[in-house]
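Peer 1: Build me a model:
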Amino acid sequence: MTRQDGMKWALGLLLFAVAGCAVPIVNGADEADANRVVVALEENGIAADKEADPATEGRFRVLVARDDASGAAQVLKQESLPPPATKGVLEALGEGGLVPSRSAEHAKLVAGTAGDLERSLRAIDGVLSARVHLAVPAKTPFEGENKETATASVLIRHRGSAAPVAAKDVQHLVAGAVSGLAADKVSVVLTPAPAAQRPAERELSRLGPVTVTRASLTPLRLGVAAAALINLLLIGVLLALWAKLRRAHATLDAERAAANSPR
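Peer 2: Here you go, the predicted model:
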């Protein structure tokens, strides 16, 4: 094995050891959702890092320490993060054929409106998740007096015992977004989420002046060993270059001495 091959191997080992310390807990999230995930994890005592997702352009992923993955998953489940990817009106109407039927167009409009309402409700501080179900009959050219009435139901899961928004406000928000929907036809259910439990304290170990969790001790040792090996290889390369340079100077001095000596 040449010195160059040895350096490549040692560097690969170091990168492998460092990468093994962190695992992605969320992939393919937009930046806003990734930021929410990082904040939620750090509020629960779990260090997290956001970076660009190499698998999806324009998306992000969140990484945590390998031994924090289980606790992080519990926190994200508790906080309903990342939120589901709901389609709004623009996304819903942008799908399908070039000339959709009237019923298909109506169904997409209703689904998109529900998605937009869910996004609006999730934007309220303290709301963990929101589901909106709309039952809006399609308008026909021959509407009689016995036409069906539009109704809606909303399920909101929130943090804490006190709801962050009043049911009456939710009714007015939903009714205002749907034509022909009266506020008293909107059913709202507000349910508190159980109190989050902080992850259990992890057993710590020391490696010199550094304190780490026991699960991170082996990857850290590998990283330190790989770094030391790289330093030794670099020192060896420098010594070899220095020796080669000295030999070159000695040869040059000998040639100069031979050229200047009288014949």
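Peer 1: Would you mind stating the distance between Arg66 and Ala55?
Peer 2: Relative to Ala55, Arg66 is positioned 19 Å away (C-beta to C-beta, to the nearest Å). The C-beta positions use only the backbone N, C-alpha and C, and glycine is treated the same way.
Peer 1: Tell me the secondary structure at Pro194.
Peer 2: Classification of Pro194 using DSSP: H, G, I helix; E, B strand; the rest coil returns coil.
Peer 1: low-scoring pLDDT stretches of the stretch 101-250 of the chain, where are they?
Peer 2: For the stretch 101-250 of the chain, the stretches flagged by pLDDT under 70 are 140-147, 196-218, 220.
Peer 1: make it 50
Peer 2: Applying pLDDT under 50 to the stretch 101-250 of the chain flags residues 146.
Peer 1: all helices for it, in order.
Peer 2: Secondary structure of the stretch 101-250 of the chain by DSSP state H, counting those that start in this stretch: the helices cover 102-122, 167-177, 214-260.
Peer 1: want to try JSON lines for the ones you listed, with mean neighbour count and distance to Leu190 as columns?
Peer 2: Written out in JSON lines, the entries for the helices of the stretch 101-250 of the chain read as follows (neighbours: other C-beta atoms under 10 Å; distance: least, C-beta to C-beta, whole Å):
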{"stretch": "helix 102-122", "mean neighbour count": "18", "distance to Leu190": "11"}
{"stretch": "helix 167-177", "mean neighbour count": "17", "distance to Leu190": "6"}
{"stretch": "helix 214-260", "mean neighbour count": "13", "distance to Leu190": "40"}
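Peer 1: any chance of those helices in JSON lines, plus distance to Glu42?
Peer 2: Formatted as JSON lines, these follow (distance: least, C-beta to C-beta, whole Å):
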{"stretch": "helix 102-122", "distance to Glu42": "20"}
{"stretch": "helix 167-177", "distance to Glu42": "30"}
{"stretch": "helix 214-260", "distance to Glu42": "18"}
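Peer 1: wait, which of those is closest to Gly28?
Peer 2: Distances from Gly28 to each of these were compared by C-beta to C-beta, and the smallest falls on helix 102-122, at 17.9 Å.
Peer 1: Relative to the whole chain's centre, how far out is the closest one?
Peer 2: Average the C-alpha atoms of helix 102-122, do the same for its chain, and the two points are 26 Å apart (C-alpha atoms, centre = their mean, to the nearest Å).
Peer 1: One more: stretch 41-50?
Peer 2: Shown here is stretch 41-50, whose average C-alpha point lies 11 Å from the average C-alpha point of the whole chain (C-alpha atoms, centre = their mean).
Peer 1: Make 32 the starting number, not 1.
Peer 2: With 32 as the first residue, the last one maps to stretch 72-81.
Peer 1: Of Arg97 and Ala86, give the one with the bigger neighbour count.
Peer 2: Set side by side, Arg97 and Ala86 show more neighbours around Arg97, with 15 against 10, by other C-beta atoms under 10 Å.
Peer 1: how near is the more buried one to Val106?
Peer 2: Between Arg97 and Val106 the computed distance is 16 Å (C-beta to C-beta).
Peer 1: Likewise for Ser218?
Peer 2: 31 Å.
Peer 1: Could you check which of the two has the larger neighbour count?
Peer 2: Neighbours of Ser218 and Val106, each counted by other C-beta under 10 Å, are more numerous for Val106; the result is 26 against 15.
Peer 1: Please give the element, helix or strand, for Cys80.
Peer 2: Not Cys; residue 80 is Asp. Here Asp80 is covered by strand 79-83, with elements defined by DSSP states H and E.
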